[in-house]
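[1] Sequence and predicted model, in that order:
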Amino acid sequence: MILRHRLRHAPHSRPGAPGRGNGPGLQASDIILVMMAGLLVAAAIFKILQG
């Protein structure tokens, strides 16, 4: 959901482009957010499978 939102709303801005002034820090935080979302999904699937 977060990934789809980012891909849909920012097709023209590259992570390294000096558009908003955030620079490469935005890319690192995005990677951390995606990893945390993946962990949440994995934990939810594990709980569902365990019962």
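    Yep, that arrived. Residues are numbered from 1 along each chain as shown.
[2] other SSEs contacting the helix or strand hosting Leu39?
    Following DSSP states H and E, one finds Leu39 within helix 24-50. Secondary-structure packing of helix 24-50 (3 or more Cβ pairs under 8 Å, 6 or more residues apart in numbering; DSSP states H and E): helix 2-9. C-betas here are computed from N, CA, C, even on glycine.
[3] avg pLDDT for the helix it packs on?
    Average pLDDT, helix 2-9: 57.
[4] try stretch 42-51
    Here the average pLDDT along stretch 42-51 is 95.
[5] now do stretch 29-36
    Here the average pLDDT along stretch 29-36 is 94.
[6] Alpha carbons of it, as PDB, please.
    C-alpha atoms of stretch 29-36 as PDB (Å, rounded to 0.1, in the frame of the first residue of the first chain):
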ATOM      1  CA  SER A  29      14.200   6.100   5.000                       C
ATOM      2  CA  ASP A  30      12.000   4.600   2.300                       C
ATOM      3  CA  ILE A  31      14.100   1.400   2.400                       C
ATOM      4  CA  ILE A  32      13.600   1.200   6.200                       C
ATOM      5  CA  LEU A  33       9.900   1.800   5.800                       C
ATOM      6  CA  VAL A  34       9.500  -1.000   3.200                       C
ATOM      7  CA  MET A  35      11.500  -3.400   5.400                       C
ATOM      8  CA  MET A  36       9.400  -2.700   8.400                       C
END
